[in-house]
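Asks: this one's structure only:
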Ligand code: RIB
Ligand code: CA
């Protein structure tokens, strides 16, 4: 599958067509899924897709510090669950700080609360008091089928789960992670936010052997929602449509000021949508290494050229997202949100 929409940040080299290796949910066999997130405007929209789509069976939601401090991302998550009517969804708070480094947050993108711009309901969700790692372990152990993890923030909770429960790694079928970039980052020119915040956790997860799809900025910058999509959300006439339209209005300000775009990029939603739509995302099989030091901290070093991989003794074990069908994505997200009251 070739790149699907002209990329505003084009990759300099062509890449080989590579078949997806992430599992695909179907109505007949919904994928068991756990989302780990740091809402976050785009996290909220990813959760909406996960709940709306019959091809996914969202078992629970865990929360990490990232876009804002943990109390905020946890409250935001529970407000989004309430908005989506998921009052009984298991939800748990996880890491308040990265594995090693101090927390770096993104109020400059998501606002002080982490989810500014809309009138959100009182929180809901069935709080799992033992915390995120325990909730992931409990859900994975109890699932009759292997579970997909969709981390949408820094990988701290996932790394802690892997370190605490090596016996459960075999029951994680795939990780569909929003993070990283082949090309330019968004915190520094080298690093995307989720990996910049906790590169050490990313290194643990990428070394775990769990199959990964890395849904990075090269693809997610094509997951566009602008004024036309906001009008479509308003036209749904439901509260969720209005709230998400308001959230998009706030979220877009950063993209206008940083990039001069008249739309915002719904990064996290692509990592979840990839699990239900085989035509949405183009991937390339590549090796990915995480840079931990200094100015390149958090750079995801992505390589797919066979001769270079051979010389380095590396396998192209990661699916790296390199393209998205923007129109198809917008329809999928608007349709998902339109299903709520
Ligand atoms: O770089 C984009 C990512 O960082 C998204 O997950 C966004 O929610 C923030 O967490
Ligand atoms: Ca996020």
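Replies: Yep, it's here. Only a predicted model underlies this, so the values are computations on that prediction, with no experimental measurement involved. Numbers count the residues shown, from 1 in each chain. Ligands and ions are numbered 1, 2, ... in the order given.
Asks: For the helix ranked longest in the chain, report the contacting residues that lie outside it.
Replies: In the chain, taking DSSP state H as the definition, the longest helix is helix 239-259. The contact list for helix 239-259 (CB atoms under 8 Å, 6 or more residues apart in numbering) reads 8, 41-42, 44-45, 48, 83-84, 108-111, 115-120, 225-226, 229-231, 233-235, 261-265, 337-338, 340-341. To be clear about C-beta, it is placed using only N, CA and C from the backbone, and glycine gets the same treatment.
Asks: Selecting buried members of those in PyMOL, what would you type?
Replies: Applying 16 or more other CB atoms under 10 Å to those leaves a buried subset, and the PyMOL line that selects it is:
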select buried, resi 41+42+44+45+48+83+84+109+110+111+115+116+117+118+120+225+229+230+233+261+263+264+265+337+338+340
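Asks: so which of the contacts of helix 239-259 also contact ligand 1?
Replies: When the contacts of helix 239-259 are checked against ligand 1 using CB under 6 Å from any ligand atom, the ones in range are residue 42.
Asks: Contacts for the helix or strand just after the longest helix of the chain, please.
Replies: Using DSSP states H and E, the next helix or strand after helix 239-259 towards the C-terminus is strand 263-265. Strand 263-265 is contacted from outside by 41-42, 217, 220-227, 229, 248, 251-252, 254-255, using CB under 8 Å, 6+ apart.
Asks: and if we set it to 6 Å?
Replies: With contact meaning CB atoms under 6 Å, 6 or more residues apart in numbering, strand 263-265 is reached by 220-221, 223-226, 251-252, 255.
Asks: Report the buried members of those residues.
Replies: Buried among these (16+ other CB under 10 Å): 220-221, 223-225, 251-252, 255.
Asks: got the residues of the stretch 51-200 of the chain near ligand 2?
Replies: Selection of the stretch 51-200 of the chain residues close to ligand 2 by CB under 5 Å from the ion yields 152-153.
Asks: residues in contact with the residue of the stretch 51-200 of the chain at minimum distance from ligand 1?
Replies: Residue nearest to ligand 1 within the stretch 51-200 of the chain: residue 193 (3.6 Å; CB to the nearest ligand atom). For residue 193, the contact set (CB under 6 Å, 6+ apart) comprises 186-187.
Asks: That one and residue 92: what is the separation?
Replies: Separation of residue 193 from residue 92 (CB to CB, to the nearest Å) stands at 22 Å.
Asks: Also residue 57?
Replies: In terms of CB to CB, residue 57 sits 18 Å off from residue 92.
Asks: Have a look at those two and say which one is more surrounded.
Replies: Counted by other CB atoms under 10 Å, residue 57 and residue 92 do not tie: residue 92 has more neighbours, with 26 against 17.
Asks: Please confirm that the more buried one is located within a strand.
Replies: Yes. Assessed by DSSP: H, G, I helix; E, B strand; the rest coil, residue 92 belongs to a strand.
Asks: pretty sure it is touching residue 133, no?
Replies: No. The pair residue 92 / residue 133 is not scored as a contact, 8.4 Å apart, by CB atoms under 6 Å.
Asks: All the helices of the protein, residue numbers only.
Replies: Assigned by DSSP H, the chain shows helices spanning 41-52, 70-83, 107-110, 132-142, 156-164, 193-197, 199-206, 217-220, 227-235, 239-259, 267-273, 306-312, 326-337.
Asks: for the second one, which positions count as buried?
Replies: Right, helix 70-83. The neighbour-count check on helix 70-83 (16+ other CB under 10 Å) flags 70, 72-83 as buried.
Asks: Find the closest residue to ligand 1 in the stretch 201-341 of the chain.
Replies: Counting by CB to the nearest ligand atom, the stretch 201-341 of the chain gets nearest to ligand 1 through residue 267 (4.2 Å).
Asks: what's the neighbour count on that residue?
Replies: Neighbours of residue 267 (other CB under 10 Å): 27.
Asks: now swap in residue 318 and tell me
Replies: By other CB under 10 Å, 24 other residues sit near residue 318.
Asks: Who is it paired with across the strands?
Replies: Applying DSSP bridges to residue 318 yields these beta-bridge partners: residue 212, residue 286.
Asks: what's it in contact with, if anything?
Replies: Residue 318 touches 212, 214, 286, 288, counting by CB under 6 Å, 6+ apart.
Asks: now with 7 Å?
Replies: Residues in contact with residue 318 (CB atoms under 7 Å, 6 or more residues apart in numbering) are 212, 214, 286-288.
Asks: Residue 105 against residue 71, yeah?
Replies: No. At 11.8 Å, residue 105 does not count as touching residue 71 under the criterion of CB atoms under 7 Å.
Asks: which parts of this structure sit against ligand 1?
Replies: Contacts of the chain with ligand 1, taken as CB under 6 Å from any ligand atom, map to 38, 40, 42-43, 66-67, 152-153, 178, 186, 192-194, 267-268.
Asks: one more time with 8 Å, if that's ok
Replies: By the rule CB under 8 Å from any ligand atom, the part of the chain lying against ligand 1 is 37-43, 66-67, 106, 109-110, 152-154, 178-179, 186-187, 192-194, 197, 217, 220, 265, 267-268.
Asks: Show me just the buried residues among these.
Replies: Among those, those buried by neighbour count (16+ other CB under 10 Å) are 37-43, 66-67, 106, 109-110, 152-154, 178-179, 186-187, 192-194, 197, 217, 220, 265, 267-268.
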